[in-house]
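Trainee: Structure of the sequence below:
(2 chains)
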There are 2 protein chains.
Amino acid sequence: MDDTRFAVLGTGGIGRRTLEVAQYKDGLTPVAACDRNGVAVDHDGLAVEELLAATEGNIASGPTDDTDVETDGGASTDGGGVSAADDAAGGVKQTGDDAGIVASSQGEPTETPIDDVIAESDGIDAVLLALPNLEHDFIPRVAERFAAADYEGVLVDVLKRSRVIGMLDDREETLIDAGITFVCGAGATPGFLTGAAALAAQSFVEVESVDIWWGVGLKSGYEDNRGTVREDIAHLDGYDVETAREMSEAEIEALVDEHDGVLEFHDMEHADDVLLERAGICDAEDVTVGGVLDVRSDEKPVTTTVRVTGRTFDGERGTNTFQLDDATSMEANVNGPALGYVNAAVRRNRAGDYGVFGPAELMPGF
Amino acid sequence: MDDTRFAVLGTGGIGRRTLEVAQYKDGLTPVAACDRNGVAVDHDGLAVEELLAATEGNIASGPTDDTDVETDGGASTDGGGVSAADDAAGGVKQTGDDAGIVASSQGEPTETPIDDVIAESDGIDAVLLALPNLEHDFIPRVAERFAAADYEGVLVDVLKRSRVIGMLDDREETLIDAGITFVCGAGATPGFLTGAAALAAQSFVEVESVDIWWGVGLKSGYEDNRGTVREDIAHLDGYDVETAREMSEAEIEALVDEHDGVLEFHDMEHADDVLLERAGICDAEDVTVGGVLDVRSDEKPVTTTVRVTGRTFDGERGTNTFQLDDATSMEANVNGPALGYVNAAVRRNRAGDYGVFGPAELMPGF
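Mentor: Predicted coordinates for the structure are as follows:
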């Protein structure tokens, strides 16, 4: 396969780490990156180290006034520890107008960063949307802008809200007409673990249940992810999006104290369900997602595990299991798979397969 | 994706089960099957139930005189329980000239079964080679025959001998010229577990080791797989291909008795290593394969497990784990993945990707 030239929209946690991890992969050349105030483009390849140093202040968004990433209605569908932390890490919090990409010798100031990347998209094969999904339809609308510019290539997000996938589906015809292959939910979960579930299902002719159970230790990232903890709270018994949104910081602290810093989530709304159903692995209703978030330790409170239970062609019933080592951070489990799915999607795109895909659909035709 | 019309060469264990399992999958239509004495072709789709009933006697080959599946030099590279049993299950032992496909109302007698399928290959998208690899280059030579007939489509084998993969590579130009996408080693191991290793590697920027450890309980299949037990013995300490080949049945029985029916294998030569290296996951030398075969119980003596150890981008070291439930038979773990890889290969073939591929190369571009 030819080299893949990719761009990153957003240089918060996920965007920055994608640039970093791509250095370890063959055939992936970062050619553009942007944040809120700046854009860097070099079709021969960006100098990643310098860009990473310059954007080091682009940390995950906290509960600041200038965005409402944390408190938008997405909390109801965005899934707790792993996922919420992913989203927050995608946020771009500038520490000042001179911070971020404009501080890089490769960067230029701009008021239209996304349009600037779109203007260069003839030389781009894939774009990772590592943007905070400020409103539910923000990512879908960004996709529309690429389509309007007749971008023929890949768009990948690492979101996990079921409703966003539906919104992308609503725009599928527009994406297909442009020649866009859109991969949604290509991070850790959904993403890595969705692919693992699709693989583990291969012993079975009928899958009865998929159980995804994640652990995240967030001590060192707690301050940067307070907003996502609020999102997670909406998944706790007795809470919902509205009540979580209206809680004061002090109330949240009290709740976290009450739980000794460890929040446990069950039956979370998470797009793994619709993404596995899309791929024909099982019914969405047979997928359950939950996990444990510890905001006072970097150790994972539980081991991230995918269990797939099914029936074999010869009438047996069993459960296959995929487990991530506790030493693998959420960050490590987002970016490797995301870049893998980028590669798979570029291959699909070059073959003329356009539209909206989930991670499990990019696995071998299981 | 359009419907995939597939053929099965060989209606021993694997061929028959592939027809059976395909019934549970969408978009897969079996249109041709052959065994040593017969061929059945229906481009509208074979009636699988009737064919399975007719070929029920096509059991795995034992140590008979008419083939030397069991004692060919492949024992040195063919990997023990899971794999050897796979190969044997692919064997076609006729109980008489009237048995097998010719006993089916859909079957016709023939002396040239493979050529008869090749003659129909314009209407075939994929061919599963579920043949005993009578000589090392038997499968590669079958591939050449398809290439000579300008077959444009997919060929898939479930073999696991490293040397066969090299022989296919030697013929890659011929395969590419014809338009053939050849997938080698697409069964349980290599195959299912190779794909699992490629997935589990995604937490890491550098993989240190892949450890595949399988368990097979073979009590009810022991009589049909005596030859494969002989192959396995070549992997035991103090034995090699030559010594194993020259052992009498009584000597083998004595050895099995000595081990109380449980044979344990370490550092087996197994193509998972070259297949993972091809896909860029790790070096072949970092892959180890072993397992335990119990010929006196159908329970697996150990749980089949893939362990992938690596280093994350953020400097941690960990081991991700994939485990198959003991209740999933080797048979269940061959056919689901094999058909998944067929689907992936057909997609590649239709996109014009020709040549030789391993299972891990068909995973998302990890």
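Trainee: Who are the contact partners of A:R317?
Mentor: Contacts of A:R317 were listed using CB atoms under 8 Å, 6 or more residues apart in numbering or on different chains, and they are A:208, A:309-311, B:327. Every C-beta, even on glycine, is put in place using the N, C-alpha and C of the backbone.
Trainee: give me that answer again for 7 Å
Mentor: A:311, B:327 (CB atoms under 7 Å, 6 or more residues apart in numbering or on different chains).
Trainee: low pLDDT regions in chain A?
Mentor: Residues of chain A meeting the criterion pLDDT under 70: A:1, A:57-98, A:133-134, A:224-225, A:227, A:366.
Trainee: give me that answer again for 50
Mentor: Counting by pLDDT under 50, the low-confidence segments of chain A come to A:59-94.
Trainee: domains of it?
Mentor: According to automatic domain parsing, chain A is divided into the following domains: A:4-189+A:330-362, A:192-323.
Trainee: Tell me the span between the first and last residue of the longest one.
Mentor: So that's domain A:4-189+A:330-362. Using CA to CA, to the nearest Å, one end of domain A:4-189+A:330-362 lies 17 Å from the other.
Trainee: anything in that domain near chain B?
Mentor: Yes. Using CB under 7 Å from any CB of the partner chain, domain A:4-189+A:330-362 reaches chain B at A:20-21, A:24, A:26, A:331-333, A:335-337, A:340-341, A:343-344, A:347, A:351, A:362.
Trainee: How far does that domain sit from its chain's centre?
Mentor: On the basis of CA atoms, centre = their mean, to the nearest Å, the separation between the geometric centre of domain A:4-189+A:330-362 and that of its chain is 9 Å.
Trainee: before we move on, back to that, can you check which of the domains of chain A gets nearest to B:E111?
Mentor: With CB to CB as the criterion, B:E111 lies closest to domain A:192-323 of the domains of chain A, at 32.7 Å.
Trainee: circling back to that earlier point, select from the residues of domain A:4-189+A:330-362 next to chain B every entry located in helices.
Mentor: When those are checked against helices using DSSP state H, the ones located there are A:20-21, A:331-333, A:335-337, A:340-341, A:343-344, A:347.
Trainee: In those, find the pair that's most separated.
Mentor: A:E331 and A:R347, at 25.7 Å, using CB to CB across these.
Trainee: which residues sit in contact with A:Y354?
Mentor: A:175-176, A:179-181.
Trainee: Now it: closest residue in space that isn't a chain neighbour?
Mentor: Once its chain neighbours are removed from consideration, A:Y354 has its nearest residue in A:I176; the separation is 4.4 Å (CB to CB, 6 or more residues apart in numbering or on different chains).
Trainee: how close does the one you found sit to chain B?
Mentor: Here A:I176 is placed at a distance of 15 Å from chain B (CB to the nearest CB, to the nearest Å).
Trainee: Ok, A:G217 next?
Mentor: The gap separating A:G217 from chain B is 12 Å, by CB to the nearest CB.
Trainee: Test my guess that that residue contacts A:L293.
Mentor: No. At 8.2 Å, A:G217 does not count as touching A:L293 under the criterion of CB atoms under 7 Å.
Trainee: Between the two, point out the one with more neighbours.
Mentor: A side-by-side neighbour count of A:G217 and A:L293, using other CB atoms under 10 Å in any protein chain shown, places A:L293 first with 30 against 23.
Trainee: residues contacting the spatially closest residue to A:N335 that is not a sequence neighbour?
Mentor: Excluding its sequence neighbours, the residue lying closest to A:N335 (CB to CB, 6+ apart) is A:V21, at 4.2 Å. Contact partners of A:V21, counting by CB under 7 Å, 6+ apart, are A:335-336, A:339, B:205, B:313.
Trainee: Buried ones among these?
Mentor: Using 16 or more other CB atoms under 10 Å in any protein chain shown as the burial test, the contacts of A:V21 include A:335-336, A:339, B:205, B:313 as buried.
Trainee: which one among the residues you listed gets closest to A:V287?
Mentor: A:G336 (22.7 Å).
Trainee: Could you measure from the spatially closest residue to that closest one that is not a sequence neighbour over to A:V154?
Mentor: Once flanking residues are discounted, A:G336 sits nearest to B:Q202: 4.1 Å by CB to CB, 6+ apart. Distance from B:Q202 to A:V154, counting by CB to CB, to the nearest Å: 18 Å.
Trainee: These two: which is more packed in?
Mentor: Neighbours per residue (other CB under 10 Å) separate B:Q202 from A:V154, with B:Q202 holding more: 32 against 28.
Trainee: which residues does that one contact?
Mentor: The contact partners of B:Q202, taken as CB under 7 Å, 6+ apart, are A:192, A:336-337, A:340, B:366.
Trainee: who wins for neighbours among these?
Mentor: A:F192 (32 neighbours).
Trainee: Is it in contact with A:N333, as I believe?
Mentor: Yes. The criterion here is CB under 7 Å, and A:F192 meets it with A:N333 at 5.3 Å.
Trainee: Can you pull up the most central residue in chain A?
Mentor: Centre of chain A computed as the mean C-alpha position; nearest residue by CA atoms, centre = their mean is A:V158, 2.0 Å away.
Trainee: Could you report the separation of the residue nearest to A:A284 when sequence neighbours are not counted from chain B?
Mentor: Residue nearest to A:A284 in three dimensions, not counting chain neighbours: A:D273, with 3.8 Å by CB to CB, 6+ apart. Using CB to the nearest CB, one obtains 19 Å as the distance from A:D273 to chain B.
Trainee: and A:D273, which of the three is it?
Mentor: Taking DSSP: H, G, I helix; E, B strand; the rest coil as the rule, one finds A:D273 in the helix state.
Trainee: what about A:G179, neighbour count?
Mentor: A total of 14 residues lie near A:G179 under the criterion other CB under 10 Å.
Trainee: Now it. Nearest residue, chain neighbours left out?
Mentor: Nearest residue to A:G179 in three dimensions, chain neighbours excluded: A:E152, at 3.5 Å (CB to CB, 6+ apart).
Trainee: do A:M167 as well
Mentor: Of all residues not flanking A:M167 in the chain, A:P140 sits nearest, at 4.3 Å (CB to CB, 6+ apart).
Trainee: List the contacts of the one you found.
Mentor: For A:P140, the contacting residues are A:164, A:167-168, A:171, by CB under 7 Å, 6+ apart.
Trainee: Which pair in the residues you listed has the greatest spatial separation?
Mentor: Put simply, by CB to CB the two of the contacts of A:P140 set farthest apart are A:V164 and A:R171, 10.9 Å from each other.
Trainee: for chain A, longest strand please?
Mentor: Criterion DSSP state E: the longest strand present in chain A is strand A:206-217.
Trainee: Now tell me what touches that one from outside.
Mentor: Under the criterion CB under 7 Å, 6+ apart, residues A:81-82, A:85, A:189, A:193, A:197, A:201, A:272, A:276, A:281-282, A:286-294, A:297-311, A:330 lie in contact with strand A:206-217.
Trainee: now that strand, how far from the centre of its chain.
Mentor: Once both centres are worked out by CA atoms, centre = their mean, strand A:206-217 turns out to sit 17 Å from its chain's centre.
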